[in-house]
Structure formats: C-alpha cells, structure tokens
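[1] Let me see the structure of the following:
(chains A and B)
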Amino acid sequence: MRFLHLVRRNAWRKPLRTVLLISCVTVAFLIFGLTASFINGAQGSAGASNDLLAVMNAAGRTQPLPMAYMTRIASEPGVASVAYMTRLRGYVNVEKNVVAVSAAEPKLIAGVNGKELGLTPELVSALGETRDRVLVGQALAEAQGWSVGQRITVTAFQTARKDGSRDWRFEIAGIFDGENANTDTYFMLASYDYINTARARGADTVDAFIVRPAAGVSPGILAARIDALFANSATPTRTQSEKQFLEAFLRQYADVGLIINLVVGAAFVTLLMIVVNTMVFAVRERTFEIGVLKTLGFSSGRILMLVLGETLLIFAVGGTLGLILAKVATVLAGPALGLVLSTVVLAKAVSIIVVLGLSTGLIPAVNAMRTPITAAFRAR
Amino acid sequence: MTDRHAKEPYIILRDVRKGYRIGGEAIPIFANLDLEIPRGDFVAIMGPSGSGKSTLLNMLAGVESPDAGEIKIGSARLDRMGETARSAWRAHNMGIVFQFYNLLPMLSAAENVELPLLLKPIPAKERRIRVGKVLDLVGLAGREKQYPTLMSGGQQQRVGIARAIVADPDLLLCDEPTGDLDRNSADDVLDMLRLLNRELGKSIVMVTHDPQAALYARRTLHLDKGRFVEKKRAA
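    Predicted coordinates for the structure are as follows:
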C-alpha cells in the first residue's frame, strides 16, 4: 500500500457520492473543453494572425474599396506583399447550407497568406487554369462531401450576375488544408477575375486588401500609416490585424468570449461550491478516523495531503473524463463547427484541475488538520 | 525481560499538573503527579471513572499536554515538544491499542497494519514482509485481505495489536484493550500482550476496568483523586 492508495481508498469509501462528484467535474470540464475548443477553433479568433492586416472600408466591412488603392498600398514602405479580395456569400442547394467564397488573384493571395492556408504551387496553378475553378477548404469539403473535379453551384445572397441570376457555378480544382488545426478552412477560394467580370455591380472594387508587413515592421504602426494614406479621400480605410478583424466580426453578434467565460465561470463556481460542501461533510464524517491516524503518528501535514489528495484525485479523474468526452465531441461534431481542442487548451484545463482540486480541498483539509485528537475522538 | 530492562527508568512523570476548564469552572485532574515506570515493565492502571486514566494515557501518548510538569519517555521530553514533533515521536516510538480497535473500515487487515509503516522510509516489499510477520505473530496469518467488518471483535483487536507493534515501538499504550471482548477473546489478547512484554521486552501501559485483565500486568497502579496507589504483585 502506498500513500496514494490510501487516498484512493478514502475517495472510494462511498462510491455513489464519489461517482456523483466525478460526474459533476466531468460535465464542468466537458463544457470547458467544448467552449474553449470553440474559441480556439476555426469559429473563433485564436487561429487568426496578428501579423496579417486587412484593409477595409471605414464605413463598414460590407462597403467596397476601389481597386486603385492596391498600387498605393503596395508602394507603402514596410509592406512586404498585398492581395485583394472580395467575398461572396451564398448557399448550396438549401438556404441554410451557407457557404462563403473568397475571390482573389491566386498568386497574390498565395504570396500573402498561402503558407497559413496551405496553398501549394500546384493548387495555385490549378486554380488559375480556368476562371470558374475554386479551391475548397478541407473543413468545407468534408462537411459537404465534395471532391476534386466536382461541379457545384453557389446561389449568392446579394451578388448577382449580369444576366440577373445569382447562381455561380464552379468546378473544384483542389482542396487546401490549413497550416494549423485552428485555421479556418470552411470557405472556398475563387478567382477574382471570374467574379469581377461576371457580377452586375461593384466592378473593380474589392471588399478588403490583405497586407503582410515586412519583417521587423510593426503591424500596428503600418496599419495606422495605411489608414493615413486614405484619411482625406472619399473612401477612408480602416486597417486591422486579421485577429482584430475576426474579434470585431464576432462581437457584431455578441461578445462570444465574454459569454463563454461567464458560462464556464458559473459552471466552475457551482462546481467549487458542490465539491467543497460535499468534501466538508465527507471529512467531518471521518473526523474520528483522522484522530486515529494522528494517534498513529500521521502529522497534520500528512492529514492535509490526504484530504487534498482526495479532492485532487476526484478532479483529475473527472477532469480527464470531461476532456476525453470533449475531444470525442470535437471529432464527432465535424468540421463545420471547427472545434479545436489544442494542447494549449489541455494545458489550461490541467492547470484548472490542479487549482480547483487543491482549492476545493483546502477548507476540509485545514479543518481536518486543525482538529485536535481528543476532539476527533469525541466525534465517534 | 532482562534485569537491565527492569531497572532502567523509561517513563518519568514529575510534578505533572493537568486540569480542564468547563464553562469557566476549573476542574483539576492531576496535581503534582509523579510516576516512574521502568523499561520493559507491564503496568495496569485502574481507577474509578473520572479518575484521569484516559487523560494520563493521552498525556503519555503525547495527545494532550500537561499544564505543568515534566513527561519524559526514554530521552524524549513530551511536554516540551510541539504537535509535529510529538506525531513523529509517536510514529517511531509508540504503538497504541484501542478499546474499540479503531481500524479503518475501507482498508483490509494487512493495510490497516501497514499504516504506521507508511510513515517510515521502508520499501514496499519490506513493509509487506513485516506486516506478514506480525499478523502471523497475532495468529491472523492468511487473513491479510479480510476487511475488519467481516472479523470478530477478538480478531479485530489482534489486528489492532499487530498495527501497534508493526513499527517495532518500545512502548505500547493500551486503552481498555479487552473492554469490548468476551472473556475468551480477552484472555487471548492479554496473553498476547504478556508475550510481547516478556518475549519482546515491550514496555506496556494498560488502562483497564477489568481486575482479571490487570492480573496479566506485572503491577497495577490504582489512580484515585489524582494520585497513584500501587499494589505490588509477584511477576
């Protein structure tokens, strides 16, 4: 028998109570795992870059910018490369099956953002072969069950063709996968020329310019300089990092991060109270036995470790189960949700397990530690 | 037991004072209590309820501190030790046998016996060997995996004795060790204590209400009104 064995036996003396406690912890860490995966995943902004800059219309992200800005931005000192892009949102087959198409000049977008998106020279070349070709992100391809060579039709919500139709037909030229698991790949990459030539309105305008700053250039300072270029023009710009842009985009609906933190925080505070309350009673029930252990020579420190070890064990088992379930859920949820349970999330979860395990055990452990042997023996 | 053991003072109480305060009223238990017990002795302490037998045993175990006076066991001054030091001292020098056995119900017999060894830097294999030996000594070989709730009172007390001696302490304190047992089981337990005293030289202090139990000791001290009255008998 080892000390840990004694801890385990203590925790398991009332199996139902322990199972219920572990279940509470499991559910709390399942919630944490899923919400953290959401924030960390492709739906959140964790995977977005702080280095890439997006130059958009200061009046709003739906307002276009003139293509003529391209040359001025490209000639600004500190700009390593720049690409332009326009977005087309629509659906495939049914309206709720929403997809996004980013139309860009293939070589330019590959030069700015190709590494992060996993755009190989072969994919870029394949996209440029004919104008109606698209590259489909891995997450989108998986979710839709699409394959290379397949022809698809996207019905745009707003972008109409010159013939009045809003149906845009594409041939899938390839599938790109992001550099990291949390890279958003739930979209298609089309040729700007195809969209620009065929659309009824907004010719030669773009939704955004994507800028990669040169090495050693501060993205924040460069963003301010780019905005200063167009400050007195008819169409002033607002330049943000990709991460800032995504965070602002998500905040249009709600402060997702804050809501998630509040939900997780409430779950953990509730859990803390349940476990502390249960452990206080559990330890009080065995006050007499603690007196026996002290009489045998167990020091107050060992008694403290015994109780803390018990809560830590409950949190370790429950937390691990919760994280395993969260991992399974992220796999089963499919790519559309873009959940990513990364090592950073796991490391954070382990830290929370340790902190909660110790903090919930502290009150009962200190009570047990301080109980005099004579008082403990009177508790029988 | 050797003569050297018999003559060496092992437990010394000098001028010990102890009292309790209940509802603002001071209730004295001992006033200037003196006691010497030689190493290897087997002493029974008897006395009426409320005479302070348990308080004395608690002080000898370092569970309670005297209000004044000196308590020395071997070279250790218990009255000067802090709680942590007294815990460490108990772990290495003393075994205790309780009236109601006080075994941990979620541990098997062997695991209960092994508890004091967890406090010492002894490898697991060596611990298992020692547990096996003491369980064999108390006649419980083969019952290592049995849980206390499935044992008779006598068997549980044997486990309690095994737990008390597994760390090979010099001193055994027994608090009414036969108080919850039938006569036959009580005699078995007392035979065992006598064996530990005579064959292994353990010093034993036993608090008991049972005059029959006291007959197993080398001498009996009667505690009355905070003072000892000794009745010597042939060993």
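[2] so what's the residue of the stretch 151-300 of chain A found nearest chain B up against?
    Per Cβ to the nearest Cβ, the residue of the stretch 151-300 of chain A with the smallest distance to chain B is residue A:297, at 2.7 Å. Where C-beta positions appear, they are placed from N, C-alpha and C, glycine not excepted. Contact partners of residue A:297, counting by Cβ atoms under 8 Å, 6 or more residues apart in numbering or on different chains, are B:87-92, B:94, B:116, B:119.
[3] how about the residues of chain B near chain A?
    Chain B has residues B:58, B:61, B:63-64, B:83-84, B:87-92, B:94, B:96, B:98, B:100, B:102, B:104-107, B:110-111, B:114-116, B:118-119, B:124, B:127, B:163 near chain A, with proximity defined as Cβ under 8 Å from any Cβ of the partner chain.
[4] swap the cut-off to 6 Å and go again
    B:63, B:84, B:87, B:90-91, B:96, B:102, B:104, B:106, B:111, B:114-116, B:119 (Cβ under 6 Å from any Cβ of the partner chain).
[5] now, which of these sits nearest residue A:198?
    When the residues of chain B next to chain A are compared for distance to residue A:198 (Cβ to Cβ), residue B:106 wins out at 76.1 Å.
[6] Surely residue B:44 is in a strand?
    Yes. With DSSP: H, G, I helix; E, B strand; the rest coil as the criterion, residue B:44 is part of a strand.
[7] can you pull up the bridge partners for it?
    Residue B:44 has the following beta-bridge partners by DSSP bridges: residue B:206, residue B:220.
[8] From residue B:57, how far out is it?
    As judged by Cβ to Cβ, to the nearest Å, residue B:44 and residue B:57 stand 12 Å apart.
[9] More neighbours: those two, which one.
    residue B:44 (25 against 20; other Cβ atoms under 10 Å in any protein chain shown).
[10] which ones are touching that one?
    B:206, B:208, B:214, B:217, B:220 (Cβ atoms under 6 Å, 6 or more residues apart in numbering or on different chains).
[11] Can you tell me the SS state at the residue nearest to the spatial centre of chain B?
    Centrality entry for chain B: nearest residue to the mean C-alpha point is residue B:173, 0.9 Å, by Cα atoms, centre = their mean. Here residue B:173 takes the strand state, with states given by three-state DSSP.
[12] Among the residues of chain B next to chain A, name the buried ones.
    Restricting these to buried positions leaves B:63, B:87, B:90-91, B:96, B:102, B:104, B:106, B:111, B:114-116, B:119, with burial counted as 16 or more other Cβ atoms under 10 Å in any protein chain shown.
[13] about what we covered before: which one of the residues of chain B next to chain A is nearest to residue A:163?
    residue B:106 (80.0 Å).
[14] Tell me the secondary structure at the closest one.
    Under three-state DSSP, residue B:106 comes out as coil.
[15] if we can go back for a sec, dig out what the residue nearest to the centre of chain B forms beta bridges with.
    Bridge pairing for residue B:173 - DSSP bridges - gives residue B:96, residue B:205.
[16] follow-up on the earlier one: most surrounded residue in the contacts of residue B:44?
    residue B:206 (27 neighbours).
[17] doesn't residue B:173 make contact with that residue?
    No. Applying Cβ atoms under 6 Å, one finds residue B:206 not in contact with residue B:173, separated by 7.9 Å.
[18] Residue A:140 - nearest residue in space that isn't next to it in sequence?
    Distances taken as Cβ to Cβ, 6 or more residues apart in numbering or on different chains place residue A:186 nearest to residue A:140, at 4.8 Å, with adjacent residues excluded.
[19] Now residue A:353: closest residue in space that isn't a chain neighbour?
    residue A:319 (4.0 Å).
[20] Ok, residue B:90 next?
    residue A:297 (4.2 Å).
[21] tell me the phi and psi of the one you found?
    Dihedral pair for residue A:297: phi 120, psi 0, per degrees, to the nearest 10.
[22] just to revisit the earlier point, can you redo the contacts of residue B:44 as TSV with pLDDT?
    Output for these, formatted as TSV (pLDDT from 0 to 100):
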residue	pLDDT
B:206	95
B:208	92
B:214	92
B:217	94
B:220	92
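[23] Could you confirm residue B:33 falls within a helix?
    No. Assignment of residue B:33 by three-state DSSP gives strand, placing it outside any helix.
[24] Can you give me every residue that contacts it?
    Applying Cβ under 6 Å, 6+ apart, the residues near residue B:33 are B:13, B:16.
[25] returning to that earlier point: what is the nearest of the contacts of residue A:297 to residue B:193?
    Closest approach to residue B:193 among the contacts of residue A:297 (Cβ to Cβ): residue B:94, at 14.7 Å.
[26] and the longest helix anywhere in chain A, how far out from the chain's middle?
    Longest helix of chain A, by residue count under DSSP state H: helix A:300-332. The chain centre lies 24 Å from the centre of helix A:300-332; the measure is Cα atoms, centre = their mean, to the nearest Å.
[27] buried ones in that helix?
    By neighbour count on 16+ other Cβ under 10 Å, the buried set for helix A:300-332 is A:300, A:302-323, A:325-327, A:329-330.
[28] same thing with stretch A:66-86?
    Neighbour-count burial for stretch A:66-86, counted by 16+ other Cβ under 10 Å, picks out A:67, A:69-70, A:73, A:76, A:78-79, A:81-86.
[29] distance between that stretch and the chain's centre?
    The mean C-alpha position of stretch A:66-86 is separated from the chain mean by 29 Å, Cα atoms, centre = their mean.
[30] okay but residue A:173 is in contact with residue A:133, surely?
    Yes. At 3.9 Å, residue A:173 and residue A:133 qualify as touching, with contact defined as Cβ under 6 Å.
[31] ok so, going back, would you format the contacts of residue B:44 as CSV with distance to residue A:139 included?
    Shown next, in CSV, are the contacts of residue B:44 (distance: Cβ to Cβ, whole Å):
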residue, distance to residue A:139
B:206, 77
B:208, 79
B:214, 84
B:217, 83
B:220, 86
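[32] What is the nearest of these to chain A?
    Once Cβ to the nearest Cβ is applied, the member of these that ends up nearest chain A is residue B:206, at 16.0 Å.
[33] Enumerate the positions of stretch A:284-304 that are buried.
    A:286-300, A:302-304.
[34] ugh, typo on my part, it should be stretch A:264-279
    A:264, A:267-268, A:271, A:274-276, A:278-279.
[35] Find the closest residue to chain A in chain B.
    Closest point on chain B to chain A, by Cβ to the nearest Cβ, is residue B:91, at 2.7 Å.
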